[in-house]
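Undergrad: Just to be clear, the model below is a prediction. Sequence and coordinates:
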Amino acid sequence: MSKVLILNGSPHKNGCTARALDEMIRVFTEEGVETELIQVGNKAIRGCIACNSCAGTGRCVFDDLVNEVAPKFEEADGLVVGSPVYYGSPNGNILSFMDRLFYSTHFSKHMKVGASVVSCRRGGNTASFDVLNKYFTISAMPVASSTYWNQVHGFSAEDVEKDREGLQTMRNLARNMSFMIRAFRDAKEKYGYPTPETGAFTSFPDGK
């Protein structure tokens, strides 16, 4: 069975972001996709300190939720990251978590499907959406899209219930993501995944 790992970057376990993710989980279940929801936003997650210890160990030097989630991420076929908007950007906790999760894990993320979801009262949604998607696009992870940007509006979960288009967007996103996971699995068996080139690393240490 396919599996999608879902990260809630909100400090509120049952808030706006959770309501959006719940709508996706319901559709994933209908589509036969297993899900696991992990609450990140209310945990004490510190940022990366660029110690590069993970280069030798494959684990972050700070042994917290990041290292706990890493093997689940490796096993998953897809990753959904949800966050509220804080000053036009995702919650700082989820950004620290994602920095360390992606940098410290050396397994291939190639062709795992990624999707980001944001919730806001009024603005800052597309900027936050763009920030979260960059983790996927630097890791050869295809990004799932929907029929509008993956966002809901409201100040509470009850407000989000009134955002009918936002919830519709979540349902379509989950259906599209389920399809992509199945399609990539079939294509891998039929054609094999594309082989990425490696070795080139643009750097100009000589200053020229």
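TA: Received the coordinates, thanks. For clarity, every value in this text was computed on a predicted model and none was experimentally measured.

Undergrad: For stretch 100-111, buried residues please.
TA: Arg100, Leu101, Phe102, Tyr103, Ser104, Thr105, Lys109, Met111 (16 or more other Cβ atoms under 10 Å). (Each C-beta comes from the backbone N, C-alpha and C, glycine too.)

Undergrad: average pLDDT across the top helix by length along the chain?
TA: For the chain, the longest helix by residue count, based on DSSP state H, is helix 164-190. Mean pLDDT, helix 164-190: 97.

Undergrad: Format the CA atom coordinates belonging to the helix or strand where Val160 lies as CSV.
TA: Secondary structure assignment for Val160, by DSSP states H and E: helix 157-162. In CSV, the C-alpha atoms belonging to helix 157-162 read as follows (Å, rounded to 0.1, in the frame of the first residue of the first chain):
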residue,chain,number,x,y,z
ALA,A,157,-11.1,25.6,12.1
GLU,A,158,-14.8,26.7,12.0
ASP,A,159,-13.9,29.5,9.6
VAL,A,160,-12.2,27.0,7.3
GLU,A,161,-15.4,25.0,7.2
LYS,A,162,-16.9,28.0,5.4
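
Undergrad: which strands and helices sit next to it?
TA: On a contact count with 3 or more Cβ pairs under 8 Å, 6 or more residues apart in numbering; DSSP states H and E, helix 157-162 meets helix 16-30, strand 151-153, helix 164-190.

Undergrad: ok, the residue nearest the centre of the chain to Phe102 distance?
TA: What sits nearest the mean C-alpha location of the chain, by Cα atoms, centre = their mean, is Val81, with 3.2 Å. Distance of Val81 to Phe102, computed by Cβ to Cβ, to the nearest Å: 11 Å.
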